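In: Generate a structure from the sequence data that follows.
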Amino acid sequence: MAGVPHQPQNPLQTVIPATKVEVSLSCRNLLDMDVFSKSDPMAVMFVQATASTEYREYGRTETIWNTLNPDFVKKFTIDYFFEESQKLMFKVYDIDSQSADLSKHDFLGQVTCTLGEIVGAPGSKIEKPLTSGPAKKCGSIILSAEELSSCKDAVTLQFRATKLDKKDFFGKSDPFLLFYRCNEDGSWTTCHKTEVIKNTLNPQWKHFTIPVRTFCNADYDRTIKVECYDWNRDGGHDLIGVFTTNLRQLTSGPAGSQTFDVIHPKKKAKKKKYKHSGMVTLQYAKVEQQYSFLDYVRGGTQMNFTVAIDFTASNGQPTQPTSLHYINPYGMNQYATALSAVGEIIQDYDSDKLFPAFGFGARTPPGYVVSHCFPLNGQPGNPYCFGVAGIMEAYQWTLRQVQLFGPTNFSPVINHVARLASQSREGGEYFVLLIVTDGVITDFEQTKEAIVNAATLPLSIIIVGVGNDDFEAMEILDGDEVRLSYRGRQAERDIVQFVPFRDYVDRQGNQVLSQARLAKDVLAEVPDQLLSYMKKHGIKPGAPPPAYMGPSGSSAPTAPSAPAGPGTTNIV
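Out: Down below sits the predicted model:
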């Protein structure tokens, strides 16, 4: 990677942020871009790079379906520097597909401002009109900022309800809960939404865990408002009722001892004998310290990176420019770009920089029998490559040794890495498998079984789809919407992240930016996946080592020696 020119800085100024703030977003009166329903908005926050006019994507909210007045639950946490002009841009889109490419969605408008403008406004809240959209009036965006405490606790809660009002004409109700925290100016910020439970007046919602600073900014006495709604497909959800509480109250008594009357304000005002519209009972409450990804890295957890590359014939002959495996002397192909983008980042968290690298779907020498898990460096007893450069060298060497064939089987290499992960369940190692492929999986059912089994292990799987094939099956493996299951057994965790490479091709041909965007998205879920494994198994981070004090007579650690690399050893 090209180095960034050194900019002299005053370490007392731009290095240490004044504080961390949480930016919340809402929109009002957005344009309606859908014919048979309302828009499905999502907001994207961009931050202007230092000493540049370029804005870089910082994060995206969730998509809220069928509404022109969304209150986004997803927040953006950002360092606030009093002495800097931190320029922000917010763009709002109507989401039309699952594509990560923003150009494939309807643009609804944008706003630019500074973080200081939000923080310095009355109540740290501003409302600005959206501009540059497809109409003169595009609606508005409401931005608010609140300083976050340094509290690292998280609270796990579970609620059930009884005797809720019946809201549906042909059924009962489809209830969900919406939680708000009270701001210092008396306004409310959405902080959590439960799942919808269909056709019941006595729902029991799933446990959910939320950082205490997100729930109430670590103020146990801050008022929490809970609204109970009946879900409607058209987005016009019907209010069942409201109650208020705070975290101190929620954590003060035994489970099941706290029941709240759900009050509908209009019904209470109209009916003298009105009691409530149902009752919500707290089933479970527990506050625990929430460890971060960095806590585990500092405590010694190593990230073990493994690569698996698709060598099936559908990629095309590597000697032809149309092949996805074509070695272009003037730039990297899609396989090499994906390997480099992910590997360059994750290698920083692996102390020995030795990465197992495998191929699948090719005929391998000497017998040229099809193999679905063969080492790229030709050394079955030592499949390790030194650093990303070693992987790239082994990849190009393998292209000259094997015959591209088929079918496209994922399960052998997933099971291979899972066996390694099963030997390290105590938190000292976490495994990341990168699969780069061009097409439809042949052993789809076996792959589902392998992933469901692997979800109990310290393992994450990243799949990058190259080329223009149909990747519908990959979306099923990526359990963001529906948790993956096999023969009725659901995966313990969501461990798969899939992205199509075609969504990350920079239109200006800037390969560095393409790599950066790809790496950001494919690796974004890994920290949370690691944390979910550690929490599920009750593993706490180790104690961080003493701070490095500089040379004091002892020699500095030396880099490990590289493996032999590609040689004359036959591939088996």
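
In: Can you say which helix or strand has Lys91 in it?
Out: Using DSSP states H and E, Lys91 falls within strand 87-94.

In: And for Lys267?
Out: Using DSSP H and E, Lys267 falls in helix 265-270.

In: List the buried residues for the next helix or strand after that helix?
Out: Later in the chain than helix 265-270, the nearest helix or strand by DSSP H and E is strand 279-289. Buried residues in strand 279-289, counted by 16 or more other Cβ atoms under 10 Å: 279-282, 285. To be clear about C-beta, it is placed using only N, CA and C from the backbone, and glycine gets the same treatment.

In: ok, of those, which one's closest to Met332?
Out: Ala285 (51.6 Å; Cβ to Cβ).

In: List the contacts of that closest one.
Out: Residues near Ala285 by Cβ atoms under 8 Å, 6 or more residues apart in numbering: 155-158, 250-251, 255.

In: helix, strand or coil for Met392?
Out: helix (DSSP: H, G, I helix; E, B strand; the rest coil).

In: returning to what we had before: against which helices or strands is the strand holding Lys91 packed?
Out: Here strand 87-94 touches strand 19-28, strand 41-48, strand 55-60, strand 106-114, strand 140-147, going by 3 or more Cβ pairs under 8 Å, 6 or more residues apart in numbering; DSSP states H and E.

In: How far off centre is the first one?
Out: Between the mean C-alpha location of strand 19-28 and the chain-wide mean there is a distance of 19 Å, by Cα atoms, centre = their mean, to the nearest Å.

In: again, but for the shortest one
Out: From the chain centre to the centre of strand 55-60 is a distance of 14 Å (Cα atoms, centre = their mean).

In: re earlier: point out the one among the helices and strands packed on strand 87-94 that comes closest to Pro318.
Out: Per Cβ to Cβ, nearest to Pro318 of the helices and strands packed on strand 87-94: strand 55-60, 33.8 Å.

In: Sort out which residues of that closest one are buried, please.
Out: Neighbour-count burial for strand 55-60 [16+ other Cβ under 10 Å]: 55, 57, 59-60.

In: before we move on, back to that, can you pick the most crowded of the contacts of Ala285?
Out: Leu157 (23 neighbours; other Cβ atoms under 10 Å).

In: Hmm, it is touching Thr251, no?
Out: No - contact criterion Cβ atoms under 8 Å: Leu157 and Thr251 do not qualify, at 9.2 Å.

In: remind me which residues of the chain are low pLDDT?
Out: 1-18, 50-51, 82-83, 506-514, 545-572 (pLDDT under 70).

In: Going by residue numbers, what spans are helices in it?
Out: Secondary structure of the chain by DSSP state H: the helices cover 115-120, 212-216, 247-250, 265-270, 293-298, 334-346, 387-399, 411-421, 444-454, 472-477, 511-523, 526-536.

In: which non-adjacent residue is nearest His207?
Out: Leaving out its chain neighbours, the residue that sits closest to His207 by Cβ to Cβ, 6 or more residues apart in numbering is Gln158, at 4.5 Å.

In: Show me what the one you found is bridged to.
Out: Tyr284 (DSSP bridges).

In: Spit out the contact partners of it.
Out: Per Cβ under 8 Å, 6+ apart, neighbours of Gln158: 204-208, 282-285.

In: since we're on Gly300, how many residues are nearby?
Out: Neighbours around Gly300, by other Cβ under 10 Å: 15.

In: for Phe107, same thing?
Out: 18.

In: what is it paired to in the beta sheet?
Out: The partner residues for Phe107, given DSSP bridges, come to Tyr93.

In: re the thing from before, present the helices of the chain as TSV; the columns should include distance to Tyr229.
Out: Shown next, in TSV, are the helices of the chain (distance: least, Cβ to Cβ, whole Å):
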stretch	distance to Tyr229
helix 115-120	29
helix 212-216	19
helix 247-250	20
helix 265-270	14
helix 293-298	34
helix 334-346	41
helix 387-399	49
helix 411-421	41
helix 444-454	33
helix 472-477	29
helix 511-523	32
helix 526-536	27
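
In: Can you tell me which of the ones you listed is nearest to Leu143?
Out: Using Cβ to Cβ and comparing those, the one that lies nearest Leu143 is helix 115-120, at 5.1 Å.

In: Show me what the closest one is packed against.
Out: Using 3+ Cβ pairs under 8 Å, 6+ apart: helix 115-120 touches strand 19-28, strand 76-80, strand 125-129, strand 140-147.

In: What's the separation between Lys536 and Leu294?
Out: 19 Å (Cβ to Cβ, to the nearest Å).

In: tell me the strands in the stretch 351-500 of the chain, going along the chain?
Out: Taking DSSP state E, counting those that start in this stretch as the test, the strands found in the stretch 351-500 of the chain are 354-360, 362-364, 369-371, 374-375, 384-386, 403-404, 429-437, 459-465, 485-486, 489-490, 496-500.

In: Isn't Leu247 up against Val155?
Out: Yes - under the criterion of Cβ under 8 Å, Leu247 makes contact with Val155 at 6.6 Å.

In: Now for those two: what residues contact both?
Out: Joint contacts of Leu247 and Val155 (Cβ under 8 Å, 6+ apart) are 212, 215, 287.

In: if I pick the second one, what's in contact with it?
Out: With contacts defined as Cβ under 8 Å, 6+ apart, the neighbours of Phe215 are 155, 179, 181, 191-192, 224, 247.

In: any idea how far Phe76 is from Asn202?
Out: If you go by Cβ to Cβ, the gap between Phe76 and Asn202 works out to 37 Å.

In: out of those two, which sits in the busier spot?
Out: A direct count of neighbours by other Cβ under 10 Å for Phe76 and Asn202 places Phe76 higher, at 21 against 15.

In: Could you report the separation of the more buried one from Leu157?
Out: Applying Cβ to Cβ to Phe76 and Leu157 gives a distance of 24 Å.

In: Which single one of the shared contacts of Leu247 and Val155 is nearest to Gly467?
Out: The closest of the shared contacts of Leu247 and Val155, once distances to Gly467 are taken by Cβ to Cβ, is Phe215, at 44.1 Å.
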